[in-house]
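Peer 1: When you get a sec, could you give me coordinates for this:
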Amino acid sequence: MAKRLVVLMAALALLAGCGGPIAGTPRPAQLGDGERTKFKDYYARVNKAGDEGAAQQAELLKDTQHPDFRQKTCDLRGATIKVEPTWTTLRADADWAPAGEKAHPRGDVYVVAVTITIRQKDQVIGSQIGSMHVVLLDDEVYGFAPCLGG
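Peer 2: Model (predicted):
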């Protein structure tokens with residue numbers, strides 16, 4: 001009986017967080033080559049679709065919109081975007097939620113610094129440096145379609 005009580009007390013202590021600190025230095029989650037390749041392929045597909053035309057890119061952005069936010073797509077108004085990520089900035093962003101949302105999207109959320117060039121037909125109409133979020137969910141990459149003018 002005493003042995004069972006000791007085991008129960010030890011289990012309760014662990015559940016209560018009394019296990020003590022964990023040795024080591026915290027580091028951001030490391031992405032494997034497979035995940036990194038999936039993110040690179042995603043942006044390559046976005047850019048390729050933009051090269052093919054506004055309708056093709058809009059369709060791809062709609063199809064790859066995070067499943068929980070499909071209703072939040074934006075109309076690029078006939079424009080296309082070219083996204084140039086700075087891959088050394090790719091990192092996990094576990095606390096992020098889309099604008100106006102309280103919930104963190106399902107999946108593993110990452111953020112990367114990007115330069116986005118906006119084109120209307122063959123004319124560059126703008127360029128911006130910012131960040132974009134992507135999610136790895138069920139081994140697929142999903143994004144959040146950008147909006148022009150807000």
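Peer 1: which element follows the worst-scoring helix or strand of the chain on mean pLDDT toward the C-terminus?
Peer 2: In the chain, the helix or strand scored least confidently by mean pLDDT, DSSP states H and E is helix 2-15, which has a mean of 36. Next along the chain after helix 2-15, taking DSSP states H and E as the criterion, comes helix 33-52.
Peer 1: So what angle separates the directions of the next helix or strand after that next one and helix 33-52?
Peer 2: Tracing the chain past helix 33-52, the next element assigned as helix or strand by DSSP H and E is helix 54-63. Interaxial angle, helix 54-63 versus helix 33-52 (axes from the mean of the first three to the mean of the last three CA atoms, to 10 degrees): 150 degrees.
Peer 1: where does the residue most central in space within the chain land in three-state SS?
Peer 2: The centroid of the chain falls nearest to residue 134 when counting by CA atoms, centre = their mean (2.0 Å). Following DSSP: H, G, I helix; E, B strand; the rest coil, residue 134 is assigned to strand.
Peer 1: which residues touch it?
Peer 2: By CB atoms under 8 Å, 6 or more residues apart in numbering, residue 134 lies in contact with 39, 42, 109-112, 141-143. For every residue, glycine as well, the C-beta is placed using N, CA and C.
Peer 1: So which of those residues are in helices?
Peer 2: 39, 42 (DSSP state H).
Peer 1: want to throw the contacts of residue 134 into TSV with distance to residue 56?
Peer 2: Below are those laid out as TSV (distance: CB to CB, whole Å):
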residue	distance to residue 56
39	21
42	15
109	26
110	25
111	26
112	23
141	18
142	18
143	16
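Peer 1: Fine by me, thanks again.
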